[in-house]
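J.: sequence and predicted model, in that order:
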Amino acid sequence: MLKGRDRDRAIIQRLDDWEKSGARFPGPIDQQLRLLRLYIEAQPRIGTPKPHLARDAVSALLMQGKTILAFDDLKLDWSLLEELFRASIRIVVVELPGSHENSQRLNQLAANTPLLRQVARDYYNGTPLSSTATEHCIDTTLMEACTSAALAPFLAAHSEALSELVAQELWRRKACPLCASAADLAFLEKEQGARWLICSRCSMEWLFQRIQCPYCGTQKHESLAYRTNSQGLYRLYTCEECHGYIKAIDLRKAGTEVLLPLERILTVDMDRQAKEAGYRPGHKTVS
Ligand SMILES: [Zn+2]
Ligand SMILES: [Zn+2]
């Protein structure tokens with residue numbers, strides 16, 4: 001499986017090929033693909049931040065069950081963050097009634113650095129954005145989508161810098177060891193088939209039990225199940241306790257060309273199947 005810059009280059013190549021061939025995707029997928037391009041193209045401009053903790057300090061926190069990256073530890077370039085926020089407005093605000101007003105107010109938010117800082121902090125800390133959105137007459141979902149898109153490349157850069165300091169054996173928890181968010185994708189590694197979770201927010205990867213719900217934590221065998229597609233490449237893990245689901249890719253069944261950030265977007269049919277069967281994307285229901 002390609003990783004890091006090689007993977008990013010392969011994704012951009014794939015996106016360019018699709019664009020040249022005139023490939024058309026349904027609106028929501030197209031939007032996600034454009035956000036992915038924005039995210040990848042921002043990465044070289046952010047670089048790799050110097051870790052704020054040494055390996056021992058990271059291990060000490062993990063042993064206490066504490067996550068290692070607080071909002072104030074993030075090294076954020078606010079002018080680039082503002083630029084990314086504005087770029088994401090152009091992608092996520094589609095031509096619907098009220099879109100002009102929403103765009104205008106989101107751009108005002110982008111220009112108001114103290115407010116943007118507050119919104120970014122709230123988003124990162126899991127504080128609902130709804131009251132700030134209401135106060136500024138902005139649709140909450142749009143505000144959250146732009147904040148998430150603008151912060152994502154910074155969070156991924158921190159995750160890349162810190163991930164090698166995380167001793168995987170010290171952390172088998174549901175939340176991301178870095179940012180405390182939940183996973184929205186998993187993969188089974190090629191060698192032993194161990195299950196790794198991928199953070200929905202910072203893209204950190206961490207090892208997790210095969211038989212445990214990554215959302216409510218139940219280990220009851222009778223509550224946990226998965227179904228696979230005909231090639232066995234994709235798995236949909238479901239939980240009867242919390243009715244959450246997570247998509248997974250079995251790398252033992254995949255070639256080297258699997259690009260997980262693209263898979264996350266293109267496997268929408270699995271999301272549809274899961275929702276039709278009464279399950280919810282687990283990362284959206286846990287804090
Ligand atoms: Zn994370
Ligand atoms: Zn569960």
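T.: Right, received. Where do you want to start? Ligands and ions are numbered 1, 2, ... in the order given.
J.: can you pull the contacts of the closest residue to His136 other than its chain neighbours?
T.: Of all residues not flanking His136 in the chain, Arg105 sits nearest, at 5.8 Å (Cβ to Cβ, 6 or more residues apart in numbering). All C-beta atoms are positioned from the backbone trio N, CA, C, and that covers glycine. Arg105 sits next to His136, Cys137, Ile138 when contact means Cβ atoms under 8 Å, 6 or more residues apart in numbering.
J.: and what of Gln108?
T.: So Gln108 contacts His136 (Cβ under 8 Å, 6+ apart).
J.: and the helix or strand in which it is found, how far out from the chain's middle?
T.: Gln108 is located in helix 99-111, with elements delineated by DSSP states H and E. Relative to the mean C-alpha coordinate of its chain, helix 99-111 is positioned 24 Å out (Cα atoms, centre = their mean, to the nearest Å).
J.: what's the closest non-adjacent residue to the residue in the stretch 1-150 of the chain that ligand 1 sits nearest to?
T.: Using Cβ to the ion, the closest approach of the stretch 1-150 of the chain to ligand 1 is made by Leu69 at 7.7 Å. Closest residue in space to Leu69, ignoring its immediate chain neighbours: Leu178 at 4.5 Å, by Cβ to Cβ, 6+ apart.
J.: ok, that neighbour - contacts?
T.: Contacts of Leu178 (Cβ under 8 Å, 6+ apart): Thr67, Ile68, Leu69, His158, Ser159, Leu162, Ser163, Val166, Cys199, Cys202, Met204.
J.: doesn't Tyr237 belong to a helix?
T.: No: secondary structure assignment (DSSP: H, G, I helix; E, B strand; the rest coil) places Tyr237 in strand, not in a helix.
J.: give me the below-cutoff pLDDT ranges for this structure.
T.: Scanning the chain for pLDDT under 70 picks out 285-287.
J.: where along it do the helices fall?
T.: 4-20, 27-46, 55-63, 78-92, 99-111, 113-125, 130-135, 140-163, 260-266, 268-276 (DSSP state H).
J.: most packed of these?
T.: helix 140-163 (a mean of 22; mean count of other Cβ atoms under 10 Å).
J.: which strands and helices lie in contact with that helix?
T.: Contacts defined by 3 or more Cβ pairs under 8 Å, 6 or more residues apart in numbering; DSSP states H and E place helix 140-163 against helix 27-46, helix 78-92, helix 99-111, helix 113-125, helix 130-135.
J.: circling back to that earlier point, need the helices of the chain in JSON lines (columns: distance to ligand 2).
T.: Putting the helices of the chain into JSON lines (distance: least, Cβ to the ion, whole Å) gives the following:
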{"stretch": "helix 4-20", "distance to ligand 2": "30"}
{"stretch": "helix 27-46", "distance to ligand 2": "25"}
{"stretch": "helix 55-63", "distance to ligand 2": "23"}
{"stretch": "helix 78-92", "distance to ligand 2": "29"}
{"stretch": "helix 99-111", "distance to ligand 2": "34"}
{"stretch": "helix 113-125", "distance to ligand 2": "24"}
{"stretch": "helix 130-135", "distance to ligand 2": "25"}
{"stretch": "helix 140-163", "distance to ligand 2": "23"}
{"stretch": "helix 260-266", "distance to ligand 2": "20"}
{"stretch": "helix 268-276", "distance to ligand 2": "13"}
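J.: for Arg195, find the nearest of these.
T.: The closest approach between Arg195 and any of the helices of the chain, judged by Cβ to Cβ, belongs to helix 260-266 at 13.7 Å.
J.: residue numbers of the stretch 151-287 of the chain in contact with ligand 2?
T.: When proximity is defined as Cβ under 5 Å from the ion, the stretch 151-287 of the chain approaches ligand 2 at Cys213, Tyr215, Cys216, Cys239, Glu241, Cys242, Gly244.
J.: just the buried ones from these?
T.: In those, burial by neighbour count holds for Cys213, Tyr215, Cys216, Cys239, Cys242, Gly244, counting by 16 or more other Cβ atoms under 10 Å.
J.: okay, now the residue nearest to the last one when sequence neighbours are not counted: neighbour count?
T.: The spatially closest residue to Gly244, leaving aside those adjacent along the chain, is Gly282, at 2.9 Å (Cβ to Cβ, 6+ apart). Gly282 sits with 25 neighbouring residues when counted by other Cβ atoms under 10 Å.
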